[in-house]
Structures are given as C-alpha cells and as structure tokens.
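Novice: Give me a model of this one.
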Amino acid sequence: MMKSYTAAFLVFIYTTTAFAQQDTLWFNGGWDNTAKDKAHFYRPPVKNGKRNLYRITDYYINGNIQMTGLSKFKDSVHLEGAAT
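Specialist: Here you go, the predicted model:
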C-alpha cells in the first residue's frame, strides 16, 4: 500500500514540474527577466501560432496588451514578420 502512495506522489511531482515550465515571464523596463513585483511587462505562457511559429502577446503590468506577434521561439523577443 505504501508503494502505491509513493508511486502516486512521484507521478504528481513529475507532472507538476513539467507544467511549471509554462509559467508567466516577467520583464522590467529594459525587457530583462525580473521578479513579478519589479515587472513593467509580462508574457503569459505562449501558444502555437501558424506555420510552426509561436503567438506571443506581451502585456503591460496593468493588463493592457503591449504587443502581439509571431516568433520561432516561445521565450524570444525577436519576432517574425509584422507585430502589432
């Protein structure tokens, strides 16, 4: 019985760790990664866009959209094509 609980616990920890990689990114005024309480902008977890690109939407700390565009990499500040 104890082995079942241990196995279930390990699966839970593994799953939680895998999903933790999709956290919100926080940026300061110079677009460097920072802590949430020092952020000027933030980026929620990104989603796949079209043509194997990621749809990136950055927000001001007040929740208004700062920009949206497509990137080859989900954690990049370099965009492909036009951004709004």
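Novice: now the strands: where do they sit in the protein?
Specialist: 25-27, 41-43, 47-48, 54-60, 65-71 (DSSP state E).
Novice: Check which helices and strands the last one sits against.
Specialist: Okay, so that is strand 65-71. Counting contacts by 3 or more Cβ pairs under 8 Å, 6 or more residues apart in numbering; DSSP states H and E, strand 65-71 packs against strand 54-60. Placement of C-beta: from N, CA and C, glycine included.
Novice: Only the buried residues of the strand it packs on, if you could.
Specialist: Residues 54, 56, 58-59 are the ones in strand 54-60 that count as buried (16 or more other Cβ atoms under 10 Å).
Novice: Also stretch 32-43?
Specialist: Neighbour-count burial for stretch 32-43 flags 34, 39, 41-43 (criterion: 16+ other Cβ under 10 Å).
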